[in-house]
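1. after the sequence you'll find the predicted model.
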Amino acid sequence: MKIPREILGTVGQCIYCRATQKPLQTEHIVPYGLNGPWELLEASCMECAKITSAFESDVLRNMLLAARTRLHFPTRHKHNRPERFSLTIKRRGREETIQVPLKVHFTAMMLPIFALPAGLDQRRYKKGIDLVGMVTIQVGSPPAQQVAKSLGTKTLAVSVTYQPVAFARLLAKIAYGFTVAVYGLNTIREAYVLPSIMGKSDDVGRWVGCSTNNSLAPSNDLHKIELSSINGEIHCNVRLFARFNAPEYSVIVGHVSEHSGTECGPPIHSKI
Ligand SMILES: [Zn+2]
């Protein structure tokens, strides 16, 4: 099911490298493939779009493919959507990986739990992202026991391969895009997350992590995003798959000018 698009503005400039020459693409703040409704028009040059779509694809095609298919999220590559998905089972003492159609597949998202953004605590941080765990969230499939029984097994495992850094860069991009939509590109004095989004530095874990004080309660919304500003420093909370009680992530986006004190805008929600 596709949700109606919601245009949050027209930028007329690449939000990543500030190029103004056309053609400039529409920027989906939450990817189209995750049913994100929010768009910024004329907001990314082709070169920067190539960089951002590379890590976005890693997340969409590897980490979340089965879940997106199960939830009927839109895709631009219908022919690439597989008809069977893998499951690892144990039968007669032997582990095997089998391919099954979605209707008998146990579909789960495995989402990373990160440490706090290193910029928020004083821990030693070198590079990349500090992964501290994973959560498995079942997505609209038959219960695991039922699937296991129909396959003649007691153990079921779903495995996905993806780069946690790619997911963290995607969160940084979502937070940055939303900041541009709310404050305007020219108000952003420094975007801490920009070098890691563009792949110029490996420091995404300084700005992206899990939050300890979850402020976006799980609800019926699919995705929820909220921005707050502390003396001009922009913090963004992102809860993708809020409806499934997925983890909330926190992003320290950067600094905007002409804002002091603490303000917190209303969260935006996407409902389907
Ligand atoms: Zn650009």
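-> Done, it's in.

2. pLDDT of the biggest helix by length in the chain, averaged?
-> Longest helix in the chain by number of residues, with DSSP state H as the criterion: helix 164-183. Mean pLDDT, computed over helix 164-183, is 96.

3. for the helix or strand following it, list every residue counted as buried.
-> With elements assigned by DSSP states H and E, the helix or strand that comes after helix 164-183 is strand 188-191. Residues of strand 188-191 classed as buried: 188, 191 (neighbour count, 16 or more other Cβ atoms under 10 Å). Glycine gets a C-beta too; all of them are placed from N, C-alpha and C.

4. buried residues, stretch 178-193. List them.
-> Buried-residue list, stretch 178-193, by 16+ other Cβ under 10 Å: 178-183, 185, 187-188, 191-193.

5. in those residues, find the pair that's most separated.
-> Ala181 and Tyr192 (17.7 Å; Cβ to Cβ).

6. low-confidence ranges, the stretch 1-150 of the chain, go.
-> 1-2 (pLDDT under 70).

7. so what's the closest residue in space to Glu47 that isn't next to it in sequence up against?
-> Of all residues not flanking Glu47 in the chain, Cys17 sits nearest, at 7.1 Å (Cβ to Cβ, 6 or more residues apart in numbering). Going by Cβ atoms under 8 Å, 6 or more residues apart in numbering, Cys17 touches 45, 47-48, 198.

8. which SS class is Cys17?
-> coil (DSSP: H, G, I helix; E, B strand; the rest coil).

9. distance check, the residue located most distally from the centre of the chain against Arg169.
-> Among the C-alpha atoms of the chain, the one most distant from their mean position (Cα atoms, centre = their mean) is that of Arg92, at 38.8 Å. Using Cβ to Cβ, to the nearest Å, Arg92 is found at 43 Å from Arg169.

10. over to Ala49?
-> 14 Å.

11. Val160 contacts Met110, correct?
-> Yes: if you go by Cβ atoms under 8 Å, Val160 and Met110 touch, sitting 5.5 Å apart.

12. what do these two both touch?
-> Common neighbours of Val160 and Met110 (Cβ under 8 Å, 6+ apart) are Met63.

13. and Ala49 and Arg169? Which one has more around it.
-> Set Ala49 next to Arg169 and count neighbours by other Cβ atoms under 10 Å: Arg169 wins out with 26 against 19.

14. leaving out the residues flanking it, which one is nearest to the more buried one?
-> Spatial nearest neighbour of Arg169, excluding adjacent residues (Cβ to Cβ, 6+ apart): Phe55 at 4.7 Å.
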